[in-house]
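> Okay, sequence plus prediction incoming.
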Amino acid sequence: MWTKENRGRYDRSRLRYPSDLTDEEWALVEPLIAPAKRGGNKRTVDVREVINGLMYVLSTGCQWRAIPKDLPPRSTVHDYFDLWAWNGTLDRIHHALYVQCRELANREPSPSAAIIDSQSVKSAGKRGAWIDPHGYDAGKKIKGKKRHILADTQGLLLHALVHSADIQDRDGGVLVMATLFGLHPFLLKLYADGGYQGPIFQSAVRKILRQIDVEIVKRSDTAKSFAILPKRWIVERTIAWLNRCRRLAKDWECLNRKALAFLRLASIRLMLRKLCQKTA
């Protein structure tokens with residue numbers, strides 16, 4: 001929460017746009033971006049400005065064609081976004097910043113506990129043969145996509161998937177755990193809500209990670225209003241943090257992999273702010 005005492009930590013008024021990277025943030029990202037390929041002409045694109053363009057789209061939710069003229073052309077920003085999502089650059093940046101955030105909190109780089117949850121998001125009007133299909137979440141009464149989030153006990157994003165909203169939580173949760181590919185091998189505890197209860201999810205997760213113990217945190221039957229549930233509130237807060245980026249307000253992307261790339265970019269933005277906040 002902003003107060004008069006800590007407001008200086010969040011001040012970005014000296015930047016051209018509040019979404020631009022500061023010098024400290026760029027110093028963390030620059031070493032993680034691969035240099036240009038050998039041969040041919042030298043790279044003439046300012047990569048920092050490309051990232052500023054991506055952060056502008058992410059933060060404001062604007063169309064690609066609405067990128068300001070003092071940033072690189074929309075085709076350049078979009079092509080780099082597509083390339084970095086495909087060749088693993090965003091994954092590499094995300095993992096490196098995640099390890100630094102864990103070390104800053106005096107924790108081991110690989111967590112031992114995680115919380116899983118999903119968020120159904122309405123899709124914008126999109127049609128065509130080259131668009132990933134959306135679905136209807138009967139529980140939330142939302143037609144669109146579902147973001148599956150795996151967060152640690154600090155609220156930092158570990159892993160995520162984007163899929164059709166008609167896939168149930170327990171089935172989507174299995175997909176999330178199956179696509180970790182050994183990235184966090186020391187997970188021992190997984191907290192989840194009632195949507196993941198039952199032997200199907202538990203047995204599937206144990207086939208993937210035999211050492212993991214799934215704990216279902218249920219809402220009390222006597223609760224009649226909002227109640228903070230142990231551990232579950234952490235991943236819900238993570239979703240709220242990520243939703244500060246207006247590009248994530250709806251599902252604007254035609255492909256799930258690009259929606260996932262924006263989700264990971266929002267997590268990168270969050271961790272950069274955490275690592276580079278100045279004291280008042």
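Done, it's in. Residues are numbered from 1 along each chain as shown.
> Now do the strands in the stretch 1-150 of the chain.
Secondary structure of the stretch 1-150 of the chain (DSSP state E, counting those that start in this stretch): strands located at 113-122, 135-137, 142-152.
> Switch those strands over to a markdown table; also include mean neighbour count.
In short, each C-beta sits where N, CA and C put it, glycine included. Shown next, in a markdown table, are the strands of the stretch 1-150 of the chain (neighbours: other CB atoms under 10 Å):
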| stretch | mean neighbour count |
| --- | --- |
| strand 113-122 | 22 |
| strand 135-137 | 17 |
| strand 142-152 | 23 |
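> Which stretch among those approaches Pro35 most closely?
Set against Pro35 and scored by CB to CB, the strands of the stretch 1-150 of the chain come closest in strand 142-152, at 31.7 Å.
> Which other helices and strands does the next helix or strand after that closest one contact?
Past strand 142-152, further along toward the C-terminus, the next helix or strand under DSSP states H and E is strand 157-164. Using 3 or more CB pairs under 8 Å, 6 or more residues apart in numbering; DSSP states H and E, the elements in contact with strand 157-164 are helix 89-104, strand 142-152, helix 169-178, helix 256-276.
> Also compute the angle for strand 157-164 relative to helix 256-276, please.
Angle, strand 157-164 to helix 256-276, by axes from the mean of the first three to the mean of the last three CA atoms, to 10 degrees: 160 degrees.
> Tell me the strands beside strand 157-164, with direction?
Applying DSSP bridges, strand 157-164 is found paired with strand 142-152 (antiparallel).
> For Leu229, which non-adjacent residue is closest in space?
Leaving aside its chain neighbours, Leu229 sits nearest to Val217 (5.3 Å; criterion: CB to CB, 6 or more residues apart in numbering).
> so how far is Ile131 from that neighbour?
36 Å (CB to CB, to the nearest Å).
> With Val176 instead?
Taken as CB to CB, the span from Val176 to Ile131 is 23 Å.
> Give me the more crowded residue out of these two.
The neighbour count for Val176 versus Ile131, taken as other CB atoms under 10 Å, is higher for Val176 (21 against 13).
> For the more buried one, which residues are in contact?
Ile116, His148, Leu150, His159, Ala160, Leu161 (CB atoms under 8 Å, 6 or more residues apart in numbering).
> what do you get if the cut-off is 10 Å, keeping everything else the same?
114, 116, 118, 148-150, 158-161, 163, 205, 208 (CB atoms under 10 Å, 6 or more residues apart in numbering).
> Report pLDDT for it.
Confidence at Val176, expressed as pLDDT, is 95.
> rewinding a little: which of the contacts of Val176 sit farthest apart?
Spanning the widest gap among those are Ala114 and His163, at 18.8 Å by CB to CB.
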